[in-house]
Structures are given as structure tokens and as C-alpha cells.
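A.B. asks: Need a 3D model of the following:
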Amino acid sequence: MEKGNEKVMSLVQLPQKAIKDVQFKLKELENGYKSWLAKQPLPVEAAIVTATTAINGAAIGAFLGVMTQDLTSSLPTPPPQSSLNPDAVAPFQQVQAVAGGPLVQARNFAVITGVNAGISCVMKRLRGKEDLQSSVVAAFGSGAAFSLVSGMGGANPAANAFTSGLLFAIFQGCSFKIGEMWQSTQRPTADDVYYARTRGMLDKLGLQNYTKNFKRGLLTDSTLPLLTDSALRDVRIPPGPRLLILDHIQRDPELKKSR
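C.D. replies: Sure, this is the predicted structure:
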């Protein structure tokens with residue numbers, strides 16, 4: 001019976017192991033792609049990020065447009081005489097821009113996600129981190145672009161683009177702060193045990209914001225003695241923090257013994 005149970009357990013564990021192996025390989029591919037992308041010139045990186053994100057956004061928008069296509073058939077149409085009054089036509093255009101069919105929704109989502117990702121990419125490269133300011137600027141740009149492309153501008157497209165951008169920025173800023181508060185209340189995850197020394201080092205140097213960069217690149221505690229400037233650059237850590245980290249590792253007697 002015991003041998004039979006062991007065989008059953010091994011058969012159950014095989015699919016789980018296969019799934020974990022696939023997840024690990026996908027993670028390696030993702031990290032390799034991000035590492036390659038980070039080495040490209042800023043215009044190239046921004047263009048690739050914008051294009052790929054816009055394609056994904058368009059696919060999501062088209063799917064949602066198909067799911068809600070019945071709603072568009074019931075949208076009101078402006079009366080013929082209103083064509084002489086832009087203010088009267090504007091509300092109808094705004095409703096149609098938000099609740100259009102698959103092509104309209106694909107365009108809207110492509111613009112929102114693509115512009116947001118492109119601006120975020122540029123801000124991260126210039127500022128070296130992802131923070132509230134970068135998030136708000138990207139949201140403002142995507143909101144303004146959406147207003148201009150979707151035709152929601154009405155008689156005053158510039159003013160409406162600014163208003164839409166401002167609303168997007170406020171919403172994104174609130175979401176960012178809520179996300180930070182939620183993360184701070186969560187218990188440490190299981191993989192945090194592999195970054196205990198790393199977190200301690202970054203906290204000591206005042207660089208705790210870069211913990212996620214280490215996790216993104218799978219730079220665990222065991223890799224600290226092996227860290228190089230190139231490895232830190234691949235996970236998008238700016239020159240100043242890189243110098244502080246490498247200097248700390250060089251001065252740490254325990255890490256020097258591990259080399």
C-alpha cells in the first residue's frame with residue numbers, strides 16, 4: 001500500500017513540477033527580454049514598449065467591444081438640425097467614443113495603454129525608478145491622447161484634452177497611493193526569505209525602493225558577492241545607487257569572504 005501511495009503521489013507531483021519548470025523558463029525569457037530591452041537606446045525602447053502594449057490594449061478593447069456591441073445599437077443619434085450646433089453634438093460624440101464597437105474600443109484601448117506605457121518607459125529611464133510622479137505624468141498623457149483621438153474634444157479639443165488628462169492623472173495617482181498602502185500591509189511573501197540580506201543592505205543605504213529591481217532580476221542574497229555594474233544596470237538601477245551598492249559589497253567582510 002505504501003508503495004502504491006508513493007506512486008500516486010509521484011504521479012500527482014509530475015504535473016506540478018512541469019508547471020513550475022515552464023513558469024521558471026517563462027520567467028527567464030521575460031527577464032532576458034527586459035535585460036535586452038534595457039540595453040537599447042531610449043527611443044528604441046520607448047517605441048517597442050509603446051507598440052507592444054498598444055497591440056495588447058487593442059486586443060483587449062476589441063474583445064470588450066464585441067461583448068458590448070449590443071449597447072452601441074441603442075445609442076441615440078443626433079438630430080439633423082444639431083449639426084449646426086457643435087455644443088449639441090458634443091454629448092452624442094462623447095457617448096459614442098466611450099461605447100463604440102470593437103474597432104472603436106480597440107483604438108481607444110490601444111491609445112490609452114500605448115501612450116501610458118511609452119511615457120512610463122521614458123520616465124523610468126530618465127528618473128531611474130517608478131514612482132508617483134512618473135505614474136501621474138503617464139496617466140495625464142494617455143488621458144489627453146484618448147480625448148483627442150476619440151473625438152471627445154467637442155468644440156474645444158485642447159481644453160477637453162487637458163481635462164481628460166487631469167482626470168486620468170488624479171485617478172492614477174489615487175490608485176498608486178492605494179496600491180502602496182495595500183502592499184505595506186501585506187505579509188512578506190515566501191520568496192522574501194531569499195532577499196533578507198539584500199533588503200537589509202538596501203535599507204542601510206537608503207535604497208529600499210530598488211528591492212523590486214533585485215527581485216525582477218532574480219538577484220537573490222546568494223548573488224550579492226557576484227554582483228557587477230553590468231548586472232545592476234540590467235535591472236535598471238541608476239549609476240549612483242550602483243556605485244553605493246558595489247562599494248558596500250566591497251567593504252562588507254562577510255560578502256568578501258563569499259567571493
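
A.B. asks: Every contact and neighbour count from this point should use C-alpha atoms.
C.D. replies: Fine.

A.B. asks: got a list of what Lys129 touches?
C.D. replies: Counting by C-alpha atoms under 8 Å, 6 or more residues apart in numbering, Lys129 touches Met123, Asn209, Tyr210, Arg236, Ile237.

A.B. asks: what kind of secondary structure is the fourth one in?
C.D. replies: The assignment at Arg236 comes out as coil when based on DSSP: H, G, I helix; E, B strand; the rest coil.

A.B. asks: thinking again about what came up before, of the contacts of Lys129, just the buried ones, ChimeraX syntax please.
C.D. replies: Here is the ChimeraX command that selects the buried residues among the contacts of Lys129 (16 or more other C-alpha atoms under 10 Å):
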select :123,210,236,237
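
A.B. asks: As TSV, the contacts of Lys129 with pLDDT and distance to Ala38 would be great.
C.D. replies: Supplementary listing: the contacts of Lys129 in TSV, determined by pLDDT from 0 to 100; distance: C-alpha to C-alpha, whole Å:
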residue	pLDDT	distance to Ala38
Met123	88	13
Asn209	88	19
Tyr210	90	16
Arg236	90	7
Ile237	91	11
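
A.B. asks: nearest to Val22, of the contacts of Lys129?
C.D. replies: Arg236 (25.6 Å; C-alpha to C-alpha).

A.B. asks: residue contacts, the closest one?
C.D. replies: With contact taken as C-alpha under 8 Å, 6+ apart, Arg236 is in contact with Ala38, Arg125, Gly128, Lys129, Asn213.

A.B. asks: List buried members of those residues by neighbour count.
C.D. replies: With neighbours counted by 16+ other C-alpha under 10 Å, the contacts of Arg236 contain buried members at Ala38, Arg125, Gly128, Lys129, Asn213.

A.B. asks: Would you convert these into TSV that also reports pLDDT, distance to Phe162 and secondary structure?
C.D. replies: Shown next, in TSV, are these (pLDDT from 0 to 100; distance: C-alpha to C-alpha, whole Å; DSSP: H, G, I helix; E, B strand; the rest coil):
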residue	pLDDT	distance to Phe162	secondary structure
Ala38	77	31	helix
Arg125	81	25	helix
Gly128	73	27	coil
Lys129	73	26	coil
Asn213	90	33	helix
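
A.B. asks: From those residues, pick the one nearest Phe24.
C.D. replies: Nearest to Phe24 among the buried ones among the contacts of Arg236, with distances taken as C-alpha to C-alpha, is Asn213, at 17.7 Å.

A.B. asks: any idea how far that closest one is from Glu130?
C.D. replies: Per C-alpha to C-alpha, to the nearest Å, Asn213 is found 10 Å from Glu130.

A.B. asks: from what I can see Leu205 touches Leu244, true?
C.D. replies: Yes - the pair Leu205 and Leu244 passes the contact test of C-alpha atoms under 8 Å, sitting 7.4 Å apart.

A.B. asks: Check what contacts stretch 110-127 and list those residues.
C.D. replies: By C-alpha under 8 Å, 6+ apart, the surrounding residues in contact with stretch 110-127 are 42, 45-47, 49-58, 61, 129-130, 134-135, 137-139, 141-143, 145-146, 149, 236.

A.B. asks: Report the buried residues of the helix or strand harbouring Phe176.
C.D. replies: If you go by DSSP states H and E, Phe176 is part of helix 157-185. Applying a neighbour-count criterion of 16+ other C-alpha under 10 Å, one finds 157, 160-169, 172-173, 176 buried in helix 157-185.

A.B. asks: so where's the stretch 101-250 of the chain shaky on pLDDT?
C.D. replies: 152-155, 183-191 (pLDDT under 70).

A.B. asks: any idea what sits nearest Asp234, other than its immediate chain neighbours?
C.D. replies: Of all residues not flanking Asp234 in the chain, Ser35 sits nearest, at 5.1 Å (C-alpha to C-alpha, 6 or more residues apart in numbering).

A.B. asks: what's the closest non-adjacent residue to Gly128?
C.D. replies: Using C-alpha to C-alpha, 6+ apart and skipping the chain neighbours, the partner closest in space to Gly128 is Pro238 (5.5 Å).

A.B. asks: domain ranges for the chain?
C.D. replies: 12-185, 190-258 (automatic domain parsing).
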